[in-house]
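K.L.:
model the following, please.
(one chain, ligands or ions: 1)
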Amino acid sequence: MPQGIPVKSILNKTKRRDPWFLDDYTANPYNGCSFNCLYCYIRGSKYGENMADKTSYKSNALELFEKELGLRAKKQQYGFIVISSATDPYLHFEEELKLTRGMLELSLKYKFPVHIITKSPLVERDFDILQEINNTAILPLDLSDKLKGVIISFSFSTINNSIGKIFEPGAPSPTDRLVAVRKSIAEGFKSGISLMPLLPYITDTGTHLREMLSAFKSANASYVLPATLTLFGNDRWDSKTLVLRAVEKHYPHLLAKYQNFFQSKTQMPDYYSLAFYEKMKELNKEFGVKSFIL
Ligand code: SF4
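P.N.:
As a prediction, the model looks like this:
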């Protein structure tokens, strides 16, 4: 079980709403993430190679969340709360700790809409509360005729379980995630895919992309939000070091390409990004899934 550490605040107001994730607020019940994805942007020396060892929970999360949300409700500052933006809200510990569930109960009490972003089927446990939020939340005026109170985005970088095991070693399998997508849609929630990051020459190939889009379409996902790979840092536990090490071990023929891309930059070159987003636009259109939640 992770350590409980008190924090000073938990509900963050965003400067402006991101058009992809529609976040007016973000809230994270955990620090770190035991799903341990090699490409994760929160990686670094703070968490080490196995982030599960350093993951902690916010021991006063619910008390603070109630206080901060209550104040926002009093001022009628309703908006989507993204749970979570810097960890997964359904880590294995959540089964026992129920912090995410507690935050949902409070979101329901104060009538705030929520956007869940997860890699875990454990979200199904909370469909009961999410149904109530979906029907009773007060939405910001500009979104009130477009959405209900719940959005659930499932994160994927691949639908291949073997590739998932290499790059997302602690996360539930993509197969299990796909089942959860179907169930979420069957429950009537606005649900889609956060398809990021796509791994160059591994999960961004034409064949792999088509397989994924076809699987998402047959699960009835209403949107697919794609993004390319970003890697940081040269230290031992940084995302760039870990991803390059995995490429060297499992895809040695691609190592030179990856080294070249990320030698002095954190993002893929412009020519790649332009071609990638063009391709995704075409595929989203071909498969009939939107590139935005709205
Ligand atoms: S699930 Fe998200 S937050 Fe957790 S390790 Fe993976 S990328 Fe990072």
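
K.L.:
give me the element the residue nearest to Ala171 when sequence neighbours are not counted is part of.
P.N.:
Excluding its sequence neighbours, the residue lying closest to Ala171 (C-beta to C-beta, 6 or more residues apart in numbering) is Phe35, at 4.0 Å. Yep, even glycine has a C-beta here, placed from its N, CA and C like the rest. Using DSSP states H and E, Phe35 sits in no helix or strand.

K.L.:
how about Phe35, what does it touch?
P.N.:
Taking C-beta atoms under 8 Å, 6 or more residues apart in numbering, we find Phe35 in contact with 51, 88, 91, 119-120, 168, 170-171.

K.L.:
go on, Val114?
P.N.:
Here Val114 is in contact with 80-83, 104, 107, 130, 133, 137, 149-151 (C-beta under 8 Å, 6+ apart).

K.L.:
is it bridged to anything, and to what?
P.N.:
With DSSP bridges as the criterion, Val114 is bridged to Ile81, Val150.

K.L.:
and Met1, what's its pLDDT?
P.N.:
Predicted confidence (pLDDT) for Met1: 84.

K.L.:
which residues sit in contact with it?
P.N.:
Residues near Met1 by C-beta under 8 Å, 6+ apart: 93, 96-97.

K.L.:
buried among these? Need that as a selection in ChimeraX.
P.N.:
Remark: buried members of these, expressed as a ChimeraX selection using 16 or more other C-beta atoms under 10 Å:
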select :93,97
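
K.L.:
of the contacts of Met1, which is the nearest to the ligand?
P.N.:
The ligand lies nearest to Phe93 out of the contacts of Met1, by C-beta to the nearest ligand atom, at 12.6 Å.

K.L.:
surely the closest one and Thr55 touch.
P.N.:
Yes. Between Phe93 and Thr55 a contact is recorded at 7.5 Å, counting by C-beta atoms under 8 Å.

K.L.:
overlap in contacts, those two.
P.N.:
2, 30, 34.

K.L.:
could you find the closest non-adjacent residue to the last one?
P.N.:
Once flanking residues are discounted, Ser34 sits nearest to Ala52: 3.7 Å by C-beta to C-beta, 6+ apart.

K.L.:
fine by me, we can end here.
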